[in-house]
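Visitor: Provide a 3D model corresponding to the input given below.
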Amino acid sequence: MKRGEMARLLDHSVLKPEATQDDVRAGIEIVRGWPGGYYCVQPCWVSLAAGELAGTPVGVISVVGFPHGCDRGEVKARAAAMAVAEGAAEIDMVLNFGLLRSGRAAEAGRDAGAVVRAVAGTPVKVILETAVLTPEEIALACRLCVDAGAAFVKTSTGFHPAGGATVEAVRLMRETVGPSVGVKASGGIRSLADAMRMIEAGANRIGTSASAAILAALEE
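Guide: Got it, this is the predicted structure:
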């Protein structure tokens, strides 16, 4: 794989709550010269990132309900709509996995559907936080997301102490959603080898804060 091909698969992320405006601008400089791909930021930075990246092939992603997924569905939907109005090209929302694990899967699915409807036409990725779910719960969550109209299912926020993306979770997610829904691996992916393992398992997007190191390991 060439550097430009990998860049198109990357969602470069600056999501730490302590990240400053200078940190966000540093992320913008990393992605500015890419031939595609995305830059994922907190909602308060969407307008800045979208303005700075206007006219480039790099899109901006906003997270919603991040990182815990516990906001009410209507709050997530409103936050997503606001982010799109400010320039977000995609939304990464966190599923209410506490509801899912409580046997209230239908309610968790309705949250996802509310966000999809609020930003109709804008791709929505649903973060499952797979490290805290059983394989059966991962598969159920994937089916809920497909039924809700999500464009992608995503492994992790990268902020849960239980861990991030694993090859096993990515493979199960791909097997469950089939070829028509995207799978994003995110959380703990810091090297080219990490990224390639996830791609080989079925991921077609990679979320990482280590984009520069990953791309530096590839040829032009």
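
Visitor: Helix or strand: which one has the residue positioned nearest the centre of the chain?
Guide: Most central residue of the chain, judged by C-alpha distance to the mean C-alpha position with Cα atoms, centre = their mean, is Asp92 at 4.6 Å. For Asp92, the element it lies in under DSSP states H and E is strand 90-94.

Visitor: After that strand, heading C-terminal, what element do we hit next?
Guide: helix 97-101.

Visitor: Quick check: buried residues in the helix or strand following that following helix?
Guide: Downstream of helix 97-101, the first helix or strand assigned by DSSP H and E is helix 105-118. Across helix 105-118, burial judged by 16 or more other Cβ atoms under 10 Å covers 105, 108-109, 111-116, 118. In this view, the C-beta of every residue, glycine as well, is placed from N, C-alpha and C.

Visitor: residues in contact with helix 105-118?
Guide: By Cβ atoms under 8 Å, 6 or more residues apart in numbering, the surrounding residues in contact with helix 105-118 are 64, 72-74, 76-78, 80-81, 91, 93, 95-97, 99-100, 124, 126, 140-141, 144-145, 147-150.

Visitor: again, but for stretch 198-207
Guide: Contacts of stretch 198-207 (Cβ under 8 Å, 6+ apart): 9-11, 13, 40, 92, 125, 152, 154, 158, 165, 167-168, 170-171, 173-175, 182-187, 189, 195, 214.

Visitor: Now do Ser47 against Leu53, distance only.
Guide: Counting by Cβ to Cβ, to the nearest Å, the separation of Ser47 from Leu53 is 11 Å.

Visitor: Right, I'll call it a day here.
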